[in-house]
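A.B. asks: I'll drop the sequence and a predicted model, then ask my questions.
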Amino acid sequence: MENCGHRHFWFNFSIIWLALFLWISSLFQATPEGQMVFDRLLKACNEVVWHGESILVLNQIQVDPPYSKEDCKLLGAGGASGALNEGSLDRVKKIVAAASDR
């Protein structure tokens, strides 16, 4: 019978964790357009994450709603890798534009 209390604890913990996860997930729902852009960027580059409603690419390029090429911006540009960053930004803009046209 002692195990019963242990199982009860983990069951309650699991239910609370699931409820918290579902609540947090409900706070942000990607728009279909945003999800389409995200998916296209993810195919081209593995380093793509959601950052609130924005999409963060390579930890250096942010794509804000409504997810057009004009909404792409370089974060923290400068240094010797500036040209590389600009090239990455141009590539992301092309991918976003192609995804937006569909």
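C.D. replies: Looks like it came in fine. Numbering: from 1, shown residues only.
A.B. asks: every contact and neighbour count from this point should use C-alpha atoms.
C.D. replies: Fine.
A.B. asks: contacting residues for L89?
C.D. replies: L89 makes contacts with 61, 72-74, as judged by Cα atoms under 8 Å, 6 or more residues apart in numbering.
A.B. asks: apply 7 Å and report the result again.
C.D. replies: Listed by Cα atoms under 7 Å, 6 or more residues apart in numbering, the contact partners of L89 are 61, 74.
A.B. asks: distance-wise, check it relative to W10.
C.D. replies: L89 sits at a distance of 47 Å from W10 (criterion: Cα to Cα, to the nearest Å).
A.B. asks: and for K93, the neighbour number?
C.D. replies: When counting by other Cα atoms under 10 Å, one arrives at 22 neighbours for K93.
A.B. asks: so it, which of the three states?
C.D. replies: Secondary structure state of K93, per DSSP: H, G, I helix; E, B strand; the rest coil, is helix.
A.B. asks: just give me the neighbour total for V92.
C.D. replies: V92 sits with 23 neighbouring residues when counted by other Cα under 10 Å.
A.B. asks: D101 now?
C.D. replies: Number of residues near D101 (other Cα under 10 Å) recorded here: 7.
A.B. asks: L41 now?
C.D. replies: Burial of L41 is recorded as 23 neighbouring residues (other Cα under 10 Å).
A.B. asks: also I16?
C.D. replies: For I16, the tally of surrounding residues (other Cα under 10 Å) stands at 12.
A.B. asks: how about the contacts made by P65?
C.D. replies: By Cα under 7 Å, 6+ apart, the contact list for P65 reads 53-54, 71.
A.B. asks: highest neighbour count among the residues you listed?
C.D. replies: Neighbour tally across the contacts of P65 (other Cα under 10 Å): the maximum, 19 neighbours, falls on S54.
A.B. asks: which non-adjacent residue is nearest it?
C.D. replies: For S54, the nearest residue in space outside its immediate sequence neighbours is D64; the separation is 4.6 Å by Cα to Cα, 6 or more residues apart in numbering.
A.B. asks: measure that neighbour to L42 for me?
C.D. replies: In this structure, D64 and L42 are 16 Å apart, going by Cα to Cα.
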